[in-house]
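Asker: model this:
(one chain, ligands or ions: 2)
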Amino acid sequence: MPEIIVDHLTHTFGKGTPDALTVLDDINLTFESGSFNAIVGTSGCGKSTLLKMMAGLFDPSDGRMTLDGDVIRGTDRRRGMVFQQDAVFPWMTVAKNISYGPRLRGAGRAEQREIEAKWTEMVGLKGFEDRWPRELSGGMRKRVDIGRVYANDPDVLLMDEPFGALDAQTKERMQSDLLAAWAQSRKTVVFVTHDLEEAIFLADRIVVMSARPGRIRHIEQVSLPRPRTDEMRLTDEFIQVKRRLWEMLDH
Ligand SMILES: Nc1ncnc2c1ncn2[C@@H]1O[C@H](COP(=O)(O)OP(=O)(O)OP(=O)(O)O)[C@@H](O)[C@H]1O
Ligand SMILES: [Mg+2]
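Answerer: Numbering: from 1, shown residues only. Ligands and ions are numbered 1, 2, ... in the order given. Reported below is the predicted structural model:
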């Protein structure tokens with residue numbers, strides 16, 4: 001699995017215009033191969049902007065990002081992104097949404113069916129294969145989104161507050177499911193969240209960003225053992241990390 005390096009990255013929207021807005025300022029980060037990384041920071045500090053640039057949706061105004069040494073430019077199936085807003089196609093059933101990527105690549109009918117079965121099950125939507133997105137709850141649509149990105153089997157998984165809109169129980173279940181899937185594949189994950197507990201529960205490393213323009217304020221190594229269990233959320237170590245992160249955020 002690949003390593004991502006963010007090297008002196010600065011981004012200014014509308015650079016050179018009167019409306020110029022510097023959103024990210026001199027970001028330097030290494031996301032190690034196969035690691036689970038979280039990014040936290042107050043609203044507007046540039047988390048989604050950073051993730052979208054890692055996906056290759058647009059280029060930074062200064063600095064660069066590399067994936068195993070190659071400069072990231074444009075989107076690529078190797079880098080899958082779950083967006084902050086769900087991006088399910090309303091005109092496709094759950095199964096067709098999930099097999100969208102493989103179908104684009106020309107996967108045959110049998111392979112598509114195999115992928116649909118595997119990933120609907122993995123994201124907990126077995127039995128809903130033929131439903132339309134409008135028949136699903138918000139949390140279920142989010143699962144379709146995640147299944148669709150997983151079905152592409154990317155090496156890098158970029159997730160932008162994927163569970164932000166879910167209730168606490170569904171969220172915890174999805175976190176555990178995500179870790180189970182990650183344990184099997186060891187993709188390099190970069191996961192943006194507002195939820196400190198979520199970051200601690202999931203990640204090896206948590207990047208804390210300052211308010212806009214986003215800078216790296218702190219990197220927290222999470223030493224909780226794996227596999228992570230829900231009981232760990234109540235341990236002293238967990239709570240201490242949470243307090244430390246909370247104090248470091250701009251409020
Ligand atoms: N395409 C754009 N053009 C101009 N400004 C933008 C654009 N996209 C984002 N911004 C601005 O950049 C800043 C950072 O936005 P971004 O979406 O990266 O924040 P964020 O950290 O993800 O916030 P949140 O936690 O609320 O999702 C905001 O001030 C936003 O208004
Ligand atoms: Mg965002």
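Asker: contacting residues around the residue of the stretch 151-251 of the chain found nearest ligand 1?
Answerer: Closest to ligand 1 within the stretch 151-251 of the chain is Arg212: 5.8 Å, counting by C-beta to the nearest ligand atom. Where C-beta positions appear, they are placed from N, C-alpha and C, glycine not excepted. When contacts are counted by C-beta atoms under 8 Å, 6 or more residues apart in numbering, Arg212 touches Thr22, Val23, Gly44, Cys45, Gly46.
Asker: try Leu57
Answerer: Contact analysis of Leu57 by C-beta under 8 Å, 6+ apart lists Thr75.
Asker: could you measure it against Lys96, distance?
Answerer: 24 Å (C-beta to C-beta, to the nearest Å).
Asker: so Met65 touches Thr10, yeah?
Answerer: No - with contact defined as C-beta atoms under 8 Å, Met65 does not reach Thr10; the gap is 11.9 Å.
Asker: Those two: which is more packed in?
Answerer: The neighbour count for Met65 versus Thr10, taken as other C-beta atoms under 10 Å, is higher for Met65 (22 against 17).
Asker: Grab the nearest non-local neighbour of Asp160.
Answerer: Excluding its sequence neighbours, the residue lying closest to Asp160 (C-beta to C-beta, 6 or more residues apart in numbering) is Gln84, at 4.4 Å.
Asker: what about that neighbour, neighbour count?
Answerer: If you count neighbours by other C-beta under 10 Å, Gln84 ends up with 17.
Asker: Then Glu116?
Answerer: So Glu116, with other C-beta under 10 Å, has 23 neighbours.
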